[in-house]
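Student: Prediction below, plus the sequence it came from.
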Amino acid sequence: MDDLLHEVFDFDVDMYATLINVRVQIECSDQRNYSGRVYTVDPLTQSIVLIDDISNRVHIVLRPDIIQLKILDRNTSLQTYKDPFQSSNVISNEQDDSSSDRLEKIRTFLSSKRIPFKEKLEENNSITLLIQNGIVQINAPYTNETISGTNEIVLSRIKLLLKQIIN
């Protein structure tokens, strides 16, 4: 009976989920090799999205092409990697330490959850984080009271997510 199941049902999503942000080397057919950090894995096609450590290029490696996958480094620290899908216009500011600590925690959290955001420099040299093109705004000093938005559903979900790191 198990022989009748398609290989997608034998795919261990949990095992591949542990590979996210891990440095790997993938040997492919036609003597092609890729190395870098696993950005994500498509559970349906089993394709691996790999980010090259040196050039920051994105490679999509299809499952049928993969011959061997070697784990090079399990250090999954997000702070040492630049996400090619996030904007690179991070604005520096001169705010107090607790406010800038909260800002950095929010930036790291949003990036790790792959929530797209932009930063806007205000007239008073503070930074406002804009989520979903300004539907939700997080203003200095980056507390629950300074999160505002036009869509109540998105606003409540963002507040719920950020509540665990702001407080």
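Tutor: That came through, no problem.

Student: domain parsing for the protein?
Tutor: Recorded structural domains for the chain (assignment: the TED database) are 13-73, 99-163.

Student: Give the other helices and strands that the host helix or strand of Asp14 contacts.
Tutor: Element membership of Asp14 [criterion: DSSP states H and E] is helix 13-17. Contacts defined by 3 or more C-beta pairs under 8 Å, 6 or more residues apart in numbering; DSSP states H and E place helix 13-17 against strand 33-41. Backbone N, C-alpha and C define where each C-beta goes, glycine included.

Student: Take the strand it packs on, keep the C-alpha atoms, and write them as PDB.
Tutor: Once non-C-alpha atoms are left out, strand 33-41 reads as follows in PDB (Å, rounded to 0.1, in the frame of the first residue of the first chain):
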ATOM      1  CA  ASN A  33      27.800  22.600  -6.900                       C
ATOM      2  CA  TYR A  34      26.100  25.300  -4.900                       C
ATOM      3  CA  SER A  35      27.000  26.400  -1.400                       C
ATOM      4  CA  GLY A  36      25.400  28.900   0.900                       C
ATOM      5  CA  ARG A  37      22.600  29.400   3.400                       C
ATOM      6  CA  VAL A  38      19.200  27.800   3.000                       C
ATOM      7  CA  TYR A  39      16.600  30.500   2.800                       C
ATOM      8  CA  THR A  40      13.600  28.300   2.500                       C
ATOM      9  CA  VAL A  41      12.400  25.000   1.200                       C
END
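
Student: Beyond it, next helix or strand please.
Tutor: Downstream of strand 33-41 (by DSSP H and E), the next one is strand 48-51.

Student: which strands and helices sit next to whatever helix or strand comes next after that following strand?
Tutor: Next helix or strand after strand 48-51 toward the C-terminus (DSSP H and E): strand 58-61. Other helices and strands packing on strand 58-61, by 3+ C-beta pairs under 8 Å, 6+ apart, are strand 33-41, strand 48-51.

Student: Could you say which of these is packed most deeply?
Tutor: strand 48-51 (a mean of 22; mean count of other C-beta atoms under 10 Å).
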